[in-house]
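J.: below are the sequence and a predicted model for it; my questions follow.
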Amino acid sequence: MTVTLPAAATSKETKPCTPLPSSYYTERLSDVSAGRKPSPIWDLLPVEDTPGMLSMLAGKPNPATFPFKYIHLGVRSPTDKTKIEEIAIEGKDLDAALQYGVTTGFTELVDWVRDMMAQVHGRDPDSEAWRVSLGPGSQDLLYKAMNALVNPGDTVIVEGPTYPGVTPIMAALSCQYAVVDVDDQGAIATDMEKMLANWDRSVKPFPKVFYTIPFGCNPSGVTTSYARRIQLLEIARKYDIIILEDDPYYFLYYGKAPKPPSYFTLEKQLGGEVGRVLRFDSFSKVLAAGFRLGWITGPSTLVAAIERHNSCSVVQPSSLTQAVTLPLLKQWKISGFLAHTVATASFYRQRRDAFEACLNRHLADLAEWTVPEASMFFWLKLRLPPTVRCQNLGSPGEEDEGDSAAFIRDKAMHRGVLLLPGANAYVDDRSTARVRVSFSLLSDEQMEEAVRRLAEVLREESTS
Ligand SMILES: Cc1ncc(COP(=O)(O)O)c(C=O)c1O
C-alpha cells in the first residue's frame, strides 16, 4: 500500500470535507441504544437556564441545608511549579459544585473543552457537526459508546494487544473480536486490509468499529505512526468502519519525531467525509485520575446516544469535580493547559529514560522491548525459564515463549515485584511472555530495585 503524507496539521491548506449525515449513525445504533428513551427530568434540565424561568422541575435539594461553606484550592502554576495560585469556590459556584447539573456537563466547561479540541485538532464544530460531552472518565464513556454501537454477537476490531480495561466491556456485551496485531508502527494495516477483504460474513458479522489506542498504547506503549494512521483511516473509509479513538495519552507524547495527528485531525486533513471518528479523552493523566472526568468528541448524533445512556445511569459527571476543574482551566486558559501538558509529558520522558537505563543495566540479556514515545508503559518480552514454557497460541511466527502469567503468579510476586501479565491484553486466549510495566510512580531507587529483582528471579529460574 503506498502512503502519501498529507500536509502537516499546522498547514494552512484545508481540503473540502462533508460530515456524514445523522442517519448514518442512527442506522448503526445498537438495538438497546436505538430503544433508549430520553430521561423525562434530565432532558428538561437545560430549560431551567432560560431567562425568567421559575423552575419546579427537579428534586434538587436546597444548598442552604448543606454543611459546606467554601472550597479553597492551592494550585501549582503550569509554568512555574514552585508558584502556588489560590482558587476559591464559594457563593453560586459552590452551590453549583454541590448541586445536580446537566448530563452533558457544565456548559462553560464543555465550551472550554470544545474550544481546546477545535484548536488542538484543527477542527470546526459548527461546520463539521461534532460536539463534546463530559462523562465520569473515559472508561465509562467507552463502555457507553460500545453499548451504543454494538449488538450481542457483533464484531469489533481490536489491536493485539489491546487495553485490558476494555476487554471486559466487550465480553459483557457479548462481542466477537477481530484481532489485528501491532508492530512498532501500530496496528498492521496490511493485515487489517487482508482480513477485511477476505471476510466471510456467514461466519461472523462484518465489523462495524475499530477500537484503537493511538498514542503510547496501553499496554504496548506503541504510538501509531503518521503513515500507518493514514493507511488505517483509509481502510476504515473503504470498509465503512467507525474508529473509536481512545486517546488518554494524547498529551503524554514525548517522542523526538513530530507528533502525529489524531485520527480526528487526519480525517479532516485527508478531505472528503468527516464523522468516522469518535474520540475519548481524559483529564485522568494530566489533572487528577480520581476526579473521574473525561470527554467524548465526535458526531453529534453518536454523542447524543451516549448522553441518553448517561442521563439514565450516572445522570451527570460529578459537579464537584467540574466545579474544581472549571476555574483552574479558566485561569490557565488553553495556553496554560497546554504548557502544563508539555511539562507533564517531559516528566514522563525523564521517567522513561530512567527506566530504560535500569532495563539496560539488568535485563539486556533477559528481555526485549521497544522504547515507548508516549505514556507510561514498557511492553517487555521476557526470556522466560523453561519451567514456565507452555503451548503458545500467540502471533503467527512467535515461538513458544512461555506464559508470563504463571511466572508472575508463581515466581516474581513472591520476590516482591509485580507486573501485569501480557495475556490480559489479548482477547484470543493466547499465552504470552509479554508483561506490561508501568514506570509512572516508582522513584529512581525503586525502579532500580524492581528491575534488579525481576532480573534475579529470571536468572535463578533459568539456571535451576
Ligand atoms: C487506554 C485507556 N483507555 C481508557 C482509560 C480510562 O481512563 P479514565 O481514567 O479516563 O477512565 C485508561 C486508563 O488507564 C487507558 O489506559
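T.: Nice, thanks for sending it over. Numbering: from 1, shown residues only.

J.: and the chain, which of its residues are near the ligand?
T.: Proximity of the chain to the ligand, by C-beta under 6 Å from any ligand atom, involves residues 137-139, 163, 165, 213, 218, 246, 248, 282, 284, 289, 294. Bear in mind the C-beta positions are built from the backbone N, C-alpha and C, glycine included.

J.: and those residues, which are buried?
T.: Buried members of the residues of the chain next to the ligand, counted by 16 or more other C-beta atoms under 10 Å: 137, 138, 139, 163, 213, 218, 246, 248, 282, 284, 294.

J.: look up the pLDDT of the nearest residue to the fifth one once chain neighbours are set aside for me, please.
T.: Nearest non-adjacent residue to residue 213, counting by C-beta to C-beta, 6 or more residues apart in numbering: residue 246, 4.9 Å away. Here, the pLDDT recorded for residue 246 equals 98.

J.: break the chain down into its domains, please.
T.: Here the domain assignment for the chain is 20-49+57-337, 344-463, based on automatic domain parsing.

J.: pLDDT on the last one, on average?
T.: Domain 344-463 shows a mean pLDDT of 90 in the predicted model.

J.: following element in sequence after the lengthiest helix in the chain, please.
T.: What stands out as the longest helix in the chain, according to DSSP state H, is helix 319-362. Beyond helix 319-362 on the C-terminal side, the first helix or strand identified by DSSP states H and E is strand 367-368.

J.: which strands and helices lie in contact with that next one?
T.: strand 377-382 (3 or more C-beta pairs under 8 Å, 6 or more residues apart in numbering; DSSP states H and E).

J.: list the neighbouring strands of the strand it packs on plus their orientation.
T.: strand 367-368 (antiparallel), strand 434-438 (antiparallel) (DSSP bridges).

J.: which parts of the following helix or strand past that strand are buried?
T.: Where DSSP H and E defines the elements, the next helix or strand beyond strand 377-382 is helix 404-410. Buried residues in helix 404-410, counted by 16+ other C-beta under 10 Å: 404, 405, 406, 407, 408.

J.: just the CA coordinates of helix 404-410, formatted as CSV?
T.: Taking Å, rounded to 0.1, in the frame of the first residue of the first chain, the C-alpha atoms of helix 404-410 are listed here in CSV:
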residue,chain,number,x,y,z
SER,A,404,4.3,-14.6,31.9
ALA,A,405,1.1,-15.0,34.0
ALA,A,406,2.4,-18.2,35.6
PHE,A,407,5.8,-16.6,36.0
ILE,A,408,4.4,-13.6,37.8
ARG,A,409,2.0,-15.5,39.9
ASP,A,410,4.4,-18.3,40.9
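
J.: which elements pack onto that helix?
T.: So helix 404-410, by 3+ C-beta pairs under 8 Å, 6+ apart, packs with strand 420-421, strand 434-438.

J.: what's the longest one in contact with?
T.: Okay, so that is strand 434-438. Here strand 434-438 makes contact (C-beta atoms under 8 Å, 6 or more residues apart in numbering) with 161, 164, 218-219, 355, 376-382, 404, 408, 419-422, 425.

J.: quick one, grab the pLDDT at residue 28.
T.: On the pLDDT scale, residue 28 is placed at 97.

J.: revised request: answer the last question for residue 301.
T.: Per-residue confidence (pLDDT) for residue 301: 97.

J.: any idea how far it is from residue 129?
T.: Distance of residue 301 to residue 129, computed by C-beta to C-beta, to the nearest Å: 8 Å.

J.: which neighbours do the two share?
T.: residue 22.

J.: not counting sequence-adjacent ones, nearest residue to whichever residue of the stretch 301-450 of the chain sits closest to the ligand?
T.: Going by C-beta to the nearest ligand atom, the ligand is nearest to residue 375 of the stretch 301-450 of the chain, at 7.7 Å. Spatial nearest neighbour of residue 375, excluding adjacent residues (C-beta to C-beta, 6+ apart): residue 216 at 2.6 Å.

J.: which of the residues of the chain next to the ligand sit farthest apart?
T.: Farthest pair in the residues of the chain next to the ligand (C-beta to C-beta) is 213 and 289. Separation: 16.7 Å.

J.: is it true that the residue of the stretch 301-450 of the chain closest to the ligand touches residue 222?
T.: No: at 9.6 Å, residue 375 does not count as touching residue 222 under the criterion of C-beta atoms under 8 Å.

J.: what's the overlap in contacts for those two?
T.: residue 216.

J.: picking up where we left off before, quick one: contacts for the residue nearest to residue 213?
T.: Residue 246 neighbours (C-beta under 8 Å, 6+ apart): 138, 142, 163, 166, 211, 212, 213, 280.

J.: tell me the phi and psi of it?
T.: Backbone torsions of residue 246, given as degrees, to the nearest 10, read phi -90, psi 110.

J.: picking that back up, can I get the contacts of residue 246 in a markdown table with secondary structure?
T.: Below are the contacts of residue 246 laid out as a markdown table (DSSP: H, G, I helix; E, B strand; the rest coil):
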| residue | secondary structure |
| --- | --- |
| 138 | helix |
| 142 | helix |
| 163 | coil |
| 166 | coil |
| 211 | strand |
| 212 | strand |
| 213 | coil |
| 280 | strand |
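
J.: closest one of those to residue 194?
T.: Comparing those against residue 194 with C-beta to C-beta places residue 212 closest, at 17.7 Å.

J.: list the contacts for the residue lying closest to residue 456 once chain neighbours are set aside?
T.: Using C-beta to C-beta, 6+ apart and skipping the chain neighbours, the partner closest in space to residue 456 is residue 415 (7.0 Å). Applying C-beta under 8 Å, 6+ apart, one finds that residue 415 lies in contact with 453, 456, 457.

J.: pick the one among the residues you listed closest to residue 69.
T.: residue 453 (49.3 Å).

J.: doesn't that closest one lie inside a helix?
T.: Yes: using three-state DSSP, the assignment for residue 453 is a helix.

J.: name the nearest residue to it, sequence neighbours excluded.
T.: According to C-beta to C-beta, 6+ apart, the nearest residue to residue 453 is residue 417 (4.3 Å).

J.: understood, closing this out.
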